[in-house]
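*Asks:* Generate coordinates for the sequence data below:
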Amino acid sequence: MTEVIIVKNQEEAGQIYGRAVADLIKAKPDAVLGLATGSSPLAAYQALAKIVKDESIDVSQVRGFALDEYLGLPLEHPQSYHSTIHRTVVEPLGLDPEKVHVPGDILNGAPLEDGDKIALAGPAYDRAIEAAGGIDVQILGIGTDGHIGFNEPGSSLASGTRVKTLAEQTRIDNARFFDDDINQVPTHCITQGIGTVLKARHLVLLAFGSGKAEAIEETVEGGVSAFCPASALQLHPHATIIIDEEAASRLRHKDYYRYAFAHKPAWQGI
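*Replies:* Residues are numbered from 1 along each chain as shown. Presented below is the predicted three-dimensional model:
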């Protein structure tokens, strides 16, 4: 069963993630982190950065792989995920930029018309993750329609990294990062597939606010379906979902989730 942790706010969620990842890095200095963008992971990255600084944790050997990237944006564009990951993760944590990878890096802003190059990028990214030994902890956000990464509803639950067309709702949701102008939001992306995500050893999904309540309900208590891609977390042996009260508002068994977490042995961690 997927573990559900209901917290007061994003800061508490960030502390839980930060502590777990900091302890991982102490035990495995060359840990491989799966990285996501968007607003949900920010408090988690901030908490981890503070712990790394306060406890003088050596992160020089830590590796990272981002979930996804827009197609058609130059790497230096402020809203490219190459730029975003470096701004929100690499710099605050003090990671080695050469050890952090984004699916679009090998494309370097190649246009969508460059089909031969783009078609090879997904499998190459999956091979790079495998060569690194696989991802130890993958952080995830969730879209209002249940997407993770850029795996929109209908995505194959066995999919690898590949090019996808963004749903209109995703482009509307992400327009806030582009001066609220949907016309600036790319129509295509390259994303780790659900099958790629499920290969990570530990999945940590964060969601906050009432706008995510329906997606969380479908993810945790609905059936496993490609039409709620995040529901695939039910198939994973070590998945943790950390949500606030609003995001948990539609869950039927939230009292049990609270009880189970309150009585969990400390040595189990998350």
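*Asks:* residues making contact with stretch 233-253?
*Replies:* 1-10, 13, 16-17, 157, 198, 201-210, 212-214, 216-217, 219-221, 224, 254, 257, 270 (Cβ atoms under 8 Å, 6 or more residues apart in numbering). C-beta here means a position set from N, CA and C on the backbone, and glycine is covered the same way.
*Asks:* same thing with stretch 164-182?
*Replies:* Stretch 164-182 is contacted from outside by 79, 143-145, 147, 150-153, 155, 184-191, using Cβ under 8 Å, 6+ apart.
*Asks:* One more pass at 10 Å, please.
*Replies:* For stretch 164-182, the external contacting residues (Cβ atoms under 10 Å, 6 or more residues apart in numbering) are 37-39, 68, 70-71, 77-79, 84, 122, 143-145, 147, 149-155, 183-191, 193, 211.
*Asks:* and those, which are buried?
*Replies:* 37-38, 68, 70-71, 77, 79, 84, 122, 143-145, 147, 149-152, 155, 185-186, 189-191, 193 (16 or more other Cβ atoms under 10 Å).
*Asks:* Could you list which of the residues you listed belong to strands?
*Replies:* Using DSSP state E, the subset of the buried ones among the contacts of stretch 164-182 located in strands is 68, 70, 189-191.
*Asks:* ok, back up a step: for PyMOL, write the select line for the buried members of the contacts of stretch 233-253.
*Replies:* Here is the PyMOL command that selects the buried residues among these (16+ other Cβ under 10 Å):
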select buried, resi 2+3+4+5+6+7+10+13+16+17+157+198+201+202+203+204+205+206+207+208+209+212+213+214+216+217+219+220+221+254+257+270
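*Asks:* Among the contacts of stretch 233-253, which are located in strands?
*Replies:* When strands are assigned by DSSP E, the members of these inside them are 3-7, 202-207.
*Asks:* And the average pLDDT for the helix or strand residue 173 falls within is what?
*Replies:* Using DSSP states H and E, the element containing residue 173 is helix 168-174. Per-region confidence: helix 168-174 scores 88 on mean pLDDT.
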